[in-house]
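S.K.: take a look and give me a structure for this.
(2 chains)
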2 protein chains.
Amino acid sequence: MISWNNMDTLASYKELLGLEKVNIASAMSGENGAERVKKYSVPMAAGLTYNYGAKAVDDRILDTLSKLAQEAQLTEKYEALYNGEMINTGEKRLVLHQLTRGQLGEDVIADGVNKREFYVNEQKKIAEFANKVHAGEITNEAGEKFTTVVQIGIGGSDLGPRAMYLALENWAKVNNTLKMNAAFISNVDPDDASAVLRNVDVAHSIFVLVSKSGTTLETLTNESFVKDALAKAGLDASKHMIAVTSETSPLAKSDDYLDAFFMDDYIGGRYSSTSGVGGAVLSLAFGPEIFERFLAGAAEEDALAKNKDLLQNPAMLDALIGVYERNVLGYLDTAVLPYSQALSRFPAHLQQLDMESNGKSVNRFGEPVNYSTGPVIFGEPGTNGQHSFYQLLHQGTDIVPLQFIGFKNNQMENDVEIQGSTSQQKLCANVAAQIVAFACGKDDENSNKRFAGGRPSSIIIGEQLTPEALGALLSHFENKVMFQGFVWNLNSFDQEGVQLGKVLAKKVLAHDTDGALKVYSDLLNI
Amino acid sequence: MISWNNMDTLASYKELLGLEKVNIASAMSGENGAERVKKYSVPMAAGLTYNYGAKAVDDRILDTLSKLAQEAQLTEKYEALYNGEMINTGEKRLVLHQLTRGQLGEDVIADGVNKREFYVNEQKKIAEFANKVHAGEITNEAGEKFTTVVQIGIGGSDLGPRAMYLALENWAKVNNTLKMNAAFISNVDPDDASAVLRNVDVAHSIFVLVSKSGTTLETLTNESFVKDALAKAGLDASKHMIAVTSETSPLAKSDDYLDAFFMDDYIGGRYSSTSGVGGAVLSLAFGPEIFERFLAGAAEEDALAKNKDLLQNPAMLDALIGVYERNVLGYLDTAVLPYSQALSRFPAHLQQLDMESNGKSVNRFGEPVNYSTGPVIFGEPGTNGQHSFYQLLHQGTDIVPLQFIGFKNNQMENDVEIQGSTSQQKLCANVAAQIVAFACGKDDENSNKRFAGGRPSSIIIGEQLTPEALGALLSHFENKVMFQGFVWNLNSFDQEGVQLGKVLAKKVLAHDTDGALKVYSDLLNI
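M.R.: Residues are numbered from 1 along each chain as shown, chains lettered A, B, ... in the order given. Here you go, the predicted structure:
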């Protein structure tokens, strides 16, 4: 029997508050430090490893975090989720994104259909469509092959798919599996669509309109933009657009589109990269086989999250260490620092995933909670960040926990040796060096050159950023965020905090304003 | 006589701590709210306005902030800076980036030269070079015009110039002043250079190598990468590269470059967008006249920062409100939210500018400070952020101050009307709505739909993002950060916090490691 309790009612949480803190600088020094790094490591899917040697934990704290995982029934709640219980209580919805990539438990029957079969079937339809486009069986009106795919979507319909595309674009080029270039239109700023449309060959482009409800104002506005551009080029828009939407949306059965592919209310936007929302653009860009390999990596990582042993469950472990940092150590932010240029937009995706899921002040029953919830997430690729905001991370007055990601091998064929090492070796040397610099610090007679250390980090290490590794990374963070939501007793799957702005924006556009809102509207010439 | 004192020794700071806090939600309601927004507004350069109606201040607090500005001698310190006193005491350097765009005070003579003349002269040399390239007087070996400029640099040699290029790229296209496309290589990850080189036409590209010292390892590595690519294409690298560096650097008088342009130690990397570091790439991309307009906007804004009246000095006002939020209200983060897709990388530039300048724990004499210093900066363009991390900003357990930026008009020619309004109107309506939603919140029977409000923001509003407006924006934030550094009694112009990682990375590459560092090196296969 599952019970949903606030974190501060749990005995293990109270125990956690009383435990002596770890001095990272001293724990990470000398041979003890070496042993720690070897020991505090757990395998992930697709050859990845989660290493938490430089986190502010020790065996006592990990033991209490294990108790917390049990007392909060984290794996039981995960099981309930993937078996189709109504976990998104606010919106009264199931939470089924894991089913888009695998079957972890029982069949989930909802709305009269087997949901796993539904998602698989849509994926097959997308694969067939993509294969026909690649084979030149589906072409533009002139009978020419499509060369480019342009996603029109915002939020979860943009950030995840875009980050995934960028993560694999160069890998696909060198592996000869880049079938079409992809571009993305998201912002309601008209210059976003204008700039993208100037850069693509619209006559040879397929546009993927992505909106679950079919009513997202930004996305419909950008659709109009694209239709205008197609009309100006003398092209029939309905021969250049497909829709990814829910079956009940106005876009579902429209003649405006070449084809429509479906998701449903049980796939939250920020969890939709493995559904048709990511599936259409990524299958068109890379081919369906690559998208399947991405799903396989995610499925394998999802399965690891079932493990009841905290030390063998990387997502749950990462989640609980994060809770410890947030609620016991009192840190607000987490920086995500991938040492891979291909992951340049992965932090922006995690920013949405995490902050939109757990940036909440009431529990799943609507009662205010008395503890801090989701952290602020930000980040940029290393080594760029090292020459920028790392100054504050090393010597600022506040401590920011760090999430590094690194790969032994780069994606593309070229590398160059200078001063005795390749670029890839320099990249890896830098991330190793940073972890130890943050943890151990360094004393100096000149206090300006002194590093206090004690700045916690973990690192996910992989062989190479492949489709499987990317799927595993994505799943890891989705499940981490889910487990943290369970600990904090939140509903991580709604987003009521985005509604008020929408309501007020409509009032501004209707000139139905007074007070401060009217003054701002006037200042902005609306 | 200037005296450098810690903030917590100042009487006005102690007074500030005792003042009653402002309830933003109530202050911003009704007609009082409207009056506030009208009143709490100050003109900036280039037609911009800084509006702080939705900040947690009132006349009493502003009055005490004025006293703080006087007691901390902020404008006097600024005057000392631009008149050439050694403000960067750690590195024993003057701080002269304002001189790259104007002369605010006395002639500054250093190293035997008039520094304003030196910067202007380098800018002229760059302009002449760019004009010759555009006129086809400087060409590739085949006598063909160069079409692309590629900047090779990292940190301040990358983030600022890249953000400025992106900010004006589309504006330049529609104003027929995009002379050359620009691309940027920064990361030591070999896939960064490989990907850029695959996308540009190297035979028609000029590469701008930017390194003040001429020894930045990432940049020299990427130079090798580019030279390899040029050699493979049968091209003479020395006919395709220019250098921006200091006169004492190994790059200064080398035959490896078509030409070299100089900056000096008095221009910090993160403050170098208006020097040759930004000047070469931006003059080549847009033409020297556009770069001059950008400088003019910055110069005009710099002049406003001299104003001793706090309420007429937007940078100082923004700085002091930020100090109040950081030290009295206790907020760690600031989100930068431009409602302009062209400013997509402006938050990343500000992240470096602010966090590398003021992310420090010792004062300018090397003594630990007892108060919080520089905030964490992050941000993404609205409306994209609204569909992402705004959930936490609205309903999370921590308050994050917000810095909005908006323009009445977009940059490009196209717009589309849907549901009774244009995209640009929707964009502006959204930013107006968000400010009021964050400030005032909304009650609801369903606590999940309740917004507490009380979340402070300011907005910079402009007519359009032109070169002048961009220059003014850049200067505003540079001067804001400078004033905050003065209040906190920091040296905002060094960056010792980035050194330790470099030292340890060298050890890793030399296989001179033990303990935890050796284990991480092994895990990463170095």
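
S.K.: where do the helices sit along the stretch 51-200 of chain A?
M.R.: Counting by DSSP state H, counting those that start in this stretch, the segments of the stretch 51-200 of chain A that form helices are A:59-71, A:74-82, A:115-135, A:159-174, A:190-199.

S.K.: format the ones you listed as JSON lines; extra columns: mean pLDDT, mean neighbour count and distance to residue B:359.
M.R.: Placement of C-beta: from N, CA and C, glycine included. Putting the helices of the stretch 51-200 of chain A into JSON lines (pLDDT from 0 to 100; neighbours: other CB atoms under 10 Å in any protein chain shown; distance: least, CB to CB, whole Å) gives the following:
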{"stretch": "helix A:59-71", "mean pLDDT": "98", "mean neighbour count": "18", "distance to residue B:359": "28"}
{"stretch": "helix A:74-82", "mean pLDDT": "98", "mean neighbour count": "20", "distance to residue B:359": "35"}
{"stretch": "helix A:115-135", "mean pLDDT": "98", "mean neighbour count": "18", "distance to residue B:359": "45"}
{"stretch": "helix A:159-174", "mean pLDDT": "98", "mean neighbour count": "23", "distance to residue B:359": "27"}
{"stretch": "helix A:190-199", "mean pLDDT": "96", "mean neighbour count": "23", "distance to residue B:359": "32"}
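
S.K.: JSON lines please, covering these and showing distance to residue B:444.
M.R.: Shown next, in JSON lines, are these (distance: least, CB to CB, whole Å):
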{"stretch": "helix A:59-71", "distance to residue B:444": "32"}
{"stretch": "helix A:74-82", "distance to residue B:444": "27"}
{"stretch": "helix A:115-135", "distance to residue B:444": "32"}
{"stretch": "helix A:159-174", "distance to residue B:444": "28"}
{"stretch": "helix A:190-199", "distance to residue B:444": "32"}
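
S.K.: with respect to chain B, which of those helices lies nearest?
M.R.: helix A:190-199 (3.9 Å; CB to the nearest CB).

S.K.: tell me which strands and helices the closest one is in contact with?
M.R.: The helices and strands touching helix A:190-199, judged by 3 or more CB pairs under 8 Å, 6 or more residues apart in numbering or on different chains; DSSP states H and E, are strand A:181-185, helix A:217-232, helix B:159-174, helix B:423-440.

S.K.: that helix: how far from the chain's middle?
M.R.: 25 Å (CA atoms, centre = their mean, to the nearest Å).

S.K.: contact partners of that helix?
M.R.: A:150, A:183-186, A:222, A:225-226, A:229, B:169-170, B:173, B:340-342, B:410-416, B:422-424, B:427 (CB atoms under 8 Å, 6 or more residues apart in numbering or on different chains).

S.K.: got a PyMOL select line for the buried ones in those?
M.R.: With 16 or more other CB atoms under 10 Å in any protein chain shown as the criterion, this PyMOL line picks the buried residues out of the contacts of helix A:190-199:
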select buried, (chain A and resi 150+183+184+185+186+222+225+226+229) or (chain B and resi 169+170+173+340+341+342+410+411+412+414+415+416+422+423+424+427)
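
S.K.: and the closest residue to residue A:255 other than its chain neighbours, backbone torsions?
M.R.: Leaving aside its chain neighbours, residue A:255 sits nearest to residue A:238 (6.2 Å; criterion: CB to CB, 6 or more residues apart in numbering or on different chains). When read as degrees, to the nearest 10, the backbone of residue A:238 gives phi -70, psi -10.

S.K.: show me the contacts for residue A:238.
M.R.: A:255-258.

S.K.: try residue A:305
M.R.: Per CB under 8 Å, 6+ apart, neighbours of residue A:305: A:75, A:78, A:313-316, A:475, A:479, A:483.

S.K.: among the residues you listed, which two are most distant?
M.R.: A:75 and A:475 (15.3 Å; CB to CB).

S.K.: interface residues of the stretch 201-350 of chain A facing chain B?
M.R.: A:217-218, A:220-222, A:224-225, A:228, A:269-270, A:332-333, A:339-342, A:348 (CB under 8 Å from any CB of the partner chain).
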